[in-house]
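Novice: quick check, what structure comes out for this input:
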Amino acid sequence: MAGELKIGIIGLDTSHVTAFTKLLNDPDHPYHVPGGKVVAAYPGGSPDVKLSYARIEGYTSELRDQYDVNIVNTPEAVAEQCDAILLESVDGRVHLQQFRSVAPFGKPVFIDKPFTVNYEEAKAIIELAGQYEIPLMSCSALRYAEGLTSVLKQTEKGAIIGADCYGPMAIEPTQPGLFWYGIHTAEMLFAILGADCLHVTAATNPDHDLVVGEWGDGRVGTIRGNRKGNNAFGALVHWEKGTDFVDVYSDPKPYYASLLEQVMSMFTTGKPPLDLQETLKIIRFIEAANESRKTGKTVAL
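Specialist: Next up, the predicted model:
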C-alpha cells in the first residue's frame, strides 16, 4: 500500500482509540507513528460492560471533535472507507462477530486484546483471515514494551531458562478469569519463552492469582496477578548466567507507540510480525489457566 493509509476504528470504548489516534494523526506528537491517519470510526459498545458503555460517548466526541474522524453506523461502513482497521472493542466477546462483518472487504486488521475470550472463537477468526487472505495481528502492547524488548536482545548470558511475570489482574465478569487483565502478563511470558507451553496449573484467592506453565523443553514460567492495589507490570527473565529485571517503564516511549509501529508495519507490508498460532496458543493458555483456577488441577494445552 503506497502513501498515507486511511485507517478505521471499530469500537470506541477504550482509551486505546484516543492513544492510537493521537500517535497517528498528530505529527507533532513526540512518538508520532507515520504512515496513516484515522479517518472513520464505529462506536459499538456492550450494554452489559460498564467500562464499555460508560466510555463510548466521551471517546466518540474526542475523535469527532478533536481529530475530525467520521463517525459511522456500522463496521462495514468503516471498512468501506478505509485501507486498514483497528478493531478496538474492549469486549472480547464481540470480536468474532465484528471481524466477520468486515472480513469480506479483505483489509488488514489489528484486533486489540483480548483477541477473543475462548479458543474456538479465536480459531474461527484465524480461519476467516485465511479464507479472505487478511493480514491479521492481535496482542497486548506489553509484548513490545521497550524495557522488555531491550532485555531480550542481549546475548551475553546464554539461553533463557525461565521467567516470572507480574501485574494487576482485575476481574471483569463478562471476560472470563484472566482474559481481562491476565492477558498482559501472558503476552509478556510468551514473548520471553515462546509458544511451546504444554501444561498450566493455577491457584487463586480473592486477592491473588498464581499461574505456572511448563514448556516443552522443561522450562517453567509463572504469572503472578494481584488485586491489592499495585498496578505495575514487570518480569524477571532467568538466563543460564544470570537474571534480568524487566522494567516496562524504564523507557519514556509508550509501549502503545512501540505496538503501533508493529501494526503499521503489517498494514503497509501485509506481513504480520507475530505468528497467529502463538496468539491462538495464548488464548488456550488463558482458557486452561481459568479451568485450573476452578479445579486446582493441572490442565493440558
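Novice: contacting residues around Glu80?
Specialist: Phe105 (Cβ atoms under 8 Å, 6 or more residues apart in numbering). Where you see a C-beta, it was placed from the backbone N, CA and C, and this is true even at glycine.
Novice: okay, it: pLDDT?
Specialist: For Glu80, the pLDDT comes out at 98.
Novice: what of the one 10 residues further on?
Specialist: Here the pLDDT value assigned to Val90 is 96.
Novice: got the phi and psi for it?
Specialist: phi -70, psi -20 (degrees, to the nearest 10).
Novice: ok, the one 4 residues further on next?
Specialist: Dihedral pair for Val94: phi -100, psi 0, per degrees, to the nearest 10.
Novice: and it, how far from Leu12?
Specialist: For Val94, the distance to Leu12 (Cβ to Cβ, to the nearest Å) stands at 13 Å.
Novice: same check, this time on Leu23
Specialist: 16 Å.
Novice: quick one: which of these two has more around it?
Specialist: Neighbour comparison, Leu23 and Leu12: the larger count goes to Leu12, with 30 against 23 (by other Cβ atoms under 10 Å).
Novice: how about the more buried one, what does it touch?
Specialist: Leu12 neighbours (Cβ under 8 Å, 6+ apart): Ala41, Tyr42, Pro43, Gly44, Gly45, Arg55, Ile56, Tyr59, Thr60, Leu63, Glu88.
Novice: list only those of those residues flagged as buried.
Specialist: Neighbour-count burial (16 or more other Cβ atoms under 10 Å) is assigned, among the contacts of Leu12, to Ala41, Tyr42, Pro43, Gly44, Gly45, Arg55, Ile56, Tyr59, Thr60, Leu63, Glu88.
Novice: filter the contacts of Leu12 down to the ones in helices?
Specialist: Judged by DSSP state H, the contacts of Leu12 include Ile56, Tyr59, Thr60, Leu63 as members of helices.
Novice: closest to Leu142 among those?
Specialist: Checking the ones in helices among the contacts of Leu12 against Leu142 by Cβ to Cβ gives Tyr59 as the nearest, at 21.6 Å.
Novice: got a pLDDT number for the closest one?
Specialist: 97.
Novice: same thing with Met266?
Specialist: 98.
Novice: with the one 4 residues further on instead?
Specialist: At Gly270, the pLDDT value in this model is 97.
Novice: tell me where the stretch 101-250 of the chain has helices.
Specialist: 119-131, 146-153, 182-193 (DSSP state H, counting those that start in this stretch).
Novice: what packs against the shortest one?
Specialist: By that I understand helix 146-153. helix 182-193, strand 234-239, strand 242-247, helix 255-269 (3 or more Cβ pairs under 8 Å, 6 or more residues apart in numbering; DSSP states H and E).
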